[in-house]
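K.L.:
Have a look; sequence and predicted model below, questions after that.
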Amino acid sequence: MALKDFEQDMLKCPRCSECKWIPLSQIRSWEYAQVCPSIGKYNFHAYSCGGKLMMGNAILDGRIDYTDEYLNILYRCQMCGGCDVSCKCNKDMEPFAITQELRIKAVEDGQLLPAHMIVIDGLKAEDNMMLEEKAKRGKWAEGLDIKNITQDKASVYFHAGCRYSFDEELWPVIRSTVKLLQKSGVDLAIAGKDENCCGGRAYELGYVGEFTKYAENNLEMLKNAGIKTIVTSCADCYHSFKVLYPKMLNKQNIEVIHITEYLDRLIKKGKLKLTKKIPMAVTYHDPCHLGRMGESYTPWQGITKRVFNQVLVYDPPKPWRRGTHGIYQPPRDSIQSIPGIDLLEMPRHKEYAWCCGSGGGVKEAYPDFAIWAAQQRLAEAKATGAEAMITACPWCKRNFLDAIKENGEQLKIYDIVELIEQSI
């Protein structure tokens, strides 16, 4: 697909602004009615999804040129998919895909954001998005007795991802994850220093070539190792393996499981027994790539046509990803399995959750915007009366921790694995 293929969608946009809000039936207060951090922060229509569709039409028609302001509007977006879910409540359109194609076209046309160029150069040189030396990648696992898929056979491959591999403050989470899986009898292996980036963040920035390179390399490595199941603790990596690899490469014969799903299975099978009481009120933050963006990809090969030369229809009917089938219940079931825990939902949750703020290259290019979005979410979490916010993505946890350091908010942030480990 290319931007031109979505021309009818862009023309079909009625400028209703529903992409800016969670659906009317889900709004519980004006304070928590918005779904799009970009429009919430910058408060100008161009920053909304509808505004980007107008930009897409104008670029295709040659009515506007690339400018610094155009690129700022395009990339001040977490690619969280909130607009996509809200739009699809009433209309069959692909606003998220169009925004992605706008980024791809910008890169193809040589219109590159300097902050993102630095990250991509680092990816090309060191195979990670963290501007770190590749040689440091496996250090998080030092001292663990665990197989390596480059040398050993195993039934399950654990993919750590760039953030967990290089963010030393988060290493305890991922080390605990491995220990929990091993304690449950899982035949587990990692790639250690030979692990590569999943490529997902490069794709979100518009760099399809880099994404394809890493996706193909990863699939080849897993094929050679005979791996049939991937488990990851990173929501971004989960989205790459589960959605982007089948979508972009039409290749995927490996089961992809997020750690929240796997732990939920182990708890329900009695392989992990949570017995220690943790008396605490908590709320759960749905990571975008695990929730609304985490639905399985269903390919569609069809055509668009007009009925009575007016109504645009899809033949055969197109499967729509509306965000309703993401990974929502497993993390909640696991949290509620912990004795003493009181789970309180935020007004915006599941497919209508507010983004943590770190996605889409925003944390790299617009760190103040990333922190602002996180602070909005922290305030929403605190308003529930919770003592702590639980999440299931290292990018979310990192951005929340950074926001807390900046504003001094008295709210604890946990990965779900940390609480489960405490309860065993």
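P.N.:
Received the coordinates, thanks.

K.L.:
which stretches of the stretch 201-350 of the chain aren't confidently modelled?
P.N.:
Low-confidence segments of the stretch 201-350 of the chain, defined by pLDDT under 70, are located at 252.

K.L.:
Tell me where it has strands.
P.N.:
Counting by DSSP state E, counting those that start in this stretch, one finds strands in the stretch 201-350 of the chain at the ranges 229-232, 255-258, 280-284, 303-307, 311-315, 341-343.

K.L.:
In JSON lines, list those strands along with mean neighbour count and distance to Gln376.
P.N.:
For every residue, glycine as well, the C-beta is placed using N, CA and C. Below are the strands of the stretch 201-350 of the chain laid out as JSON lines (neighbours: other Cβ atoms under 10 Å; distance: least, Cβ to Cβ, whole Å):
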{"stretch": "strand 229-232", "mean neighbour count": "21", "distance to Gln376": "27"}
{"stretch": "strand 255-258", "mean neighbour count": "21", "distance to Gln376": "25"}
{"stretch": "strand 280-284", "mean neighbour count": "21", "distance to Gln376": "14"}
{"stretch": "strand 303-307", "mean neighbour count": "10", "distance to Gln376": "37"}
{"stretch": "strand 311-315", "mean neighbour count": "12", "distance to Gln376": "36"}
{"stretch": "strand 341-343", "mean neighbour count": "18", "distance to Gln376": "21"}
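
K.L.:
export those to JSON lines and tack on distance to Ala373?
P.N.:
Written out in JSON lines, the entries for the strands of the stretch 201-350 of the chain read as follows (distance: least, Cβ to Cβ, whole Å):
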{"stretch": "strand 229-232", "distance to Ala373": "24"}
{"stretch": "strand 255-258", "distance to Ala373": "22"}
{"stretch": "strand 280-284", "distance to Ala373": "17"}
{"stretch": "strand 303-307", "distance to Ala373": "35"}
{"stretch": "strand 311-315", "distance to Ala373": "34"}
{"stretch": "strand 341-343", "distance to Ala373": "23"}
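
K.L.:
Indicate which one of those strands is closest to Leu53.
P.N.:
Leu53 lies closest, by Cβ to Cβ, to one member of the strands of the stretch 201-350 of the chain: strand 311-315, at 14.9 Å.

K.L.:
what packs against that closest one?
P.N.:
The criterion is 3 or more Cβ pairs under 8 Å, 6 or more residues apart in numbering; DSSP states H and E, and the helices and strands that strand 311-315 contacts are strand 303-307.

K.L.:
that older thread, for Gly161, find the nearest of the strands of the stretch 201-350 of the chain.
P.N.:
Comparison of the strands of the stretch 201-350 of the chain against Gly161 by Cβ to Cβ identifies strand 229-232 as nearest, at 6.2 Å.

K.L.:
How far off centre is the closest one?
P.N.:
Here the centre of mass of C-alpha atoms in strand 229-232, compared against the chain's by Cα atoms, centre = their mean, to the nearest Å, lies 16 Å away.

K.L.:
contacting residues around that strand?
P.N.:
155-161, 181, 188, 222, 238, 241, 254-259, 262 (Cβ atoms under 8 Å, 6 or more residues apart in numbering).

K.L.:
Just the CA atoms of that strand, as PDB, please.
P.N.:
As requested, C-alpha coordinates have been extracted for strand 229-232 and formatted as PDB (Å, rounded to 0.1, in the frame of the first residue of the first chain):
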ATOM      1  CA  THR A 229       6.900 -19.600  20.300                       C
ATOM      2  CA  ILE A 230       8.100 -16.100  21.100                       C
ATOM      3  CA  VAL A 231       7.400 -14.500  24.500                       C
ATOM      4  CA  THR A 232       8.200 -10.800  25.000                       C
END
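
K.L.:
That strand: partners in the sheet, and parallel or antiparallel?
P.N.:
Looking at strand 229-232 with DSSP bridges, its partner strands are strand 156-159 (parallel), strand 255-258 (parallel).

K.L.:
re earlier: give the ChimeraX command for selecting the buried subset of the contacts of strand 229-232.
P.N.:
A single ChimeraX command suffices to select whichever of the contacts of strand 229-232 are buried according to 16 or more other Cβ atoms under 10 Å:
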select :156,157,158,159,160,161,181,188,222,238,241,254,256,257,258,259,262
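
K.L.:
contacting residues for Ser17?
P.N.:
45, 48, 50.

K.L.:
Flag every buried residue along stretch 43-57.
P.N.:
When neighbours are counted by 16+ other Cβ under 10 Å, the buried residues of stretch 43-57 are found to be 46-57.

K.L.:
Show me what that stretch is in contact with.
P.N.:
For stretch 43-57, contacts defined as Cβ under 8 Å, 6+ apart pick out 3, 6-7, 9-11, 13, 15-17, 19-20, 36, 38-39, 41, 63-64, 70, 73-74, 76-77, 83-84, 87, 95-96, 98-99, 101-102.
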